[in-house]
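Enquirer: Model the following, please.
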Amino acid sequence: MTRRVPTLYQVVVAAIVLFFVLPYGLAWVQALRQSGQPQDLPLGNIEASAVYQADDGSLRMLRVMKHSTEREDVFQILHNDLQARQLIGEPQRVTLPRDAYAKSAQMRVQADGQMALVLNGRDWWQWSRERSLFEPMNAALIQRFSGQLATGVAKLAFGSQREPDLLDITSNTGDRYAVYWRTGEIYPWGGQQQRLLQRPWGRYSQTVERIDYADFRTDVARYGLPSTLVHYRQKLSEDEFQQLPLLEVHSTSDAVVRAAPKRYQAVSDGYVVARQSLQEAGITDIAWVASVPVQFSGEVLARNADRILMRYEETPTTPAEVVLQMVDVHSLQPVWSQATSTLPQMLAGGYYVAAHPWKGGFYLVTTQNLPALVIDNAGKTLFDFQPQKRE
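Expert: Purely as a prediction, here's the structure:
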C-alpha cells in the first residue's frame, strides 16, 4: 500500500526523538539485564526486537543491540522473560566486519511462524527454540542453492508484508534472486512474478482466507490514498511460495467499468474489482468488509491466527490522525481501535509504527526501533515499555 511522504512537522518531531529521547530510551534494557551480567561490553543501540509466547505460556522478548568499533560491528542478542523481568541465559554475541553503510538489523516472524533475523544486510539467521539462540543460515543457503549462490551472498533482505516467504538475495556476482527457503524455490529477480502468472490455479484444492486492504480507485476519490478492507479466499499449494495480491476496487459508475462491465466482479453493491486481477492471484471469492469504512493510507501491520492489526489515517489531509485498529478474522468485526495521539508510547505522533504478531496479540515498536507496547487480542496493554518517560 502506498504511504504518504512524512510532512516537515513529522520529520522535525522524529529528529527531536532521535537526539533527545533516544539517548534516554535504553534504560529499560539495563533494567532487564541480570545484576551479575558483565558490564564491560557496551550494549549500543537497539536495532530490532520481537516478542513470542513460550511453550509454558510466558512471554519472551528478543532484542538485537549493536555496538560498533573501528573494525567490528558487535551484536548482542538479549533473551528476556517479560513477566519475570529477567535475562534468560547469556546474551548471544555475533561479531561481523565493520560496515558503516549497513542497514539496521531486521527481525521477522515468517510465514511458517519461524522467527528470523538479518544482520548488516547480508547475514540470515533463524531462531532455535531448542537451543534458545539464533543459528546462522548463509552456509545452508549457499549449499541448497549452489547453482546460483556458490560465490556467496552480497546482500540479503526480507520481502514486504505481502511476500512473507521471500528472501531478496544478491550474490557476490551481482545477480539478484527471489529465494523461498520453506518451499525450496529460487528465481532470477522478477521470475517469481512470471511463476505466479503461470500457476495452474484450477488444479489447486487448498484455499486460505485472508483480509487485506485494496486500493480504492474510483473517479470520485481523486485525492489522498483511499483504501478499503476486503475479505477473500485464495488458492494455494504448500509446495509453492505465497504472495498476497495488490487489488483495486472501483465504483460501478467509473468510466472504465461502464466501458467493459463484464470484466469486473462485484465486491458489494456499487463496487467491483477486475476479474483478471482475481484470476491471476488465484482468488475465488471476494467481498467488502462492511464493518470497516473507507480509510486513508491503510496498511496491515501484522497478522496472527485470530486478528489483524492495521494502521490508517482518518482523513486525506496532512498532518492526519493516525489510528490503530484490530479486526477479528472470524467475525470480520473491529474489536479495538485507538488513535496514536492517545498512546504516548507511539513517538513522533505515531506516524512511524511497526508491529510483530504473537499467538495472543501484538508487539508494537515506535520510532528508532524502540519497544512501545505488548497488547493482547482484545487491545489490552500487557507490557508498557514507556519510551517517552525514560530518564
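Enquirer: which residues touch the residue sitting nearest the centre point of the chain?
Expert: When the chain is reduced to its mean C-alpha position, the nearest residue by C-alpha atoms, centre = their mean turns out to be Gln161, at 5.1 Å. By C-beta atoms under 8 Å, 6 or more residues apart in numbering, the residues touching Gln161 are 244, 299-301. Placement of C-beta: from N, CA and C, glycine included.
Enquirer: before we move on, what about Ile308?
Expert: Residues in contact with Ile308 (C-beta under 8 Å, 6+ apart) are 211, 300, 302, 326-327, 329.
Enquirer: Please identify which helix or strand holds it.
Expert: Per DSSP states H and E: Ile308 is located in strand 307-313.
Enquirer: where along the protein do the helices fall?
Expert: Under the criterion DSSP state H, the chain contains helices at 8-16, 27-31, 138-144, 146-149, 191-198, 255-259, 275-281.
Enquirer: Of these, which shows the lowest average pLDDT?
Expert: Here the lowest mean pLDDT among the helices of the chain goes to helix 27-31, at a mean of 42.
Enquirer: low-confidence ranges in this protein?
Expert: 1-40, 111, 220-224, 318-319, 388-391 (pLDDT under 70).
Enquirer: hmm, what's the outermost residue in it?
Expert: Here the centre of the chain is the reference, and by C-alpha atoms, centre = their mean the most remote residue is Ala259, at 38.2 Å.
Enquirer: Run through the bridge partners of Gln76.
Expert: Taking DSSP bridges as the rule, Gln76 bridges to Met65, Arg93.
Enquirer: what does the one 4 residues further on give?
Expert: On the basis of DSSP bridges, Asn80 takes part in beta bridges with Met61, Leu87.
Enquirer: burial measure for it, as a count.
Expert: Residues lying near Asn80 (other C-beta atoms under 10 Å) number 21.
Enquirer: Check the separation of the first and last residues in stretch 247-254.
Expert: Using C-alpha to C-alpha, to the nearest Å, one end of stretch 247-254 lies 16 Å from the other.
Enquirer: What residues does Thr323 make contact with?
Expert: Not Thr; residue 323 is Val. Val323 makes contacts with 311-314, 337-340, as judged by C-beta under 8 Å, 6+ apart.
Enquirer: Highest neighbour count among these?
Expert: Neighbour-wise, the contacts of Val323 (other C-beta under 10 Å) top out at Tyr312, 26 neighbours.
Enquirer: Okay, that one and Leu301: tell me how far apart.
Expert: Tyr312 sits 10 Å away from Leu301, taking C-beta to C-beta, to the nearest Å as the criterion.
Enquirer: Outline the domain layout of this protein.
Expert: 1-31+297-391, 41-182, 200-290 (automatic domain parsing).
Enquirer: Reformat those as JSON lines; add distance to Gln194.
Expert: Listed next are the domains of the chain as JSON lines, based on distance: least, C-beta to C-beta, whole Å:
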{"stretch": "domain 1-31+297-391", "distance to Gln194": "24"}
{"stretch": "domain 41-182", "distance to Gln194": "11"}
{"stretch": "domain 200-290", "distance to Gln194": "11"}
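Enquirer: Please measure how far the first residue of stretch 174-194 sits from its last one.
Expert: This stretch, stretch 174-194, spans 21 Å end to end (C-alpha to C-alpha).
Enquirer: Just the buried positions in it, please.
Expert: Under the neighbour-count criterion of 16 or more other C-beta atoms under 10 Å, stretch 174-194 has 177-183, 185-187, 192 buried.
Enquirer: what does that stretch rub up against?
Expert: The contact list for stretch 174-194, computed with C-beta under 8 Å, 6+ apart, reads 110-112, 137, 141, 144-145, 148-149, 154, 159, 165-171, 195, 238-241, 243.
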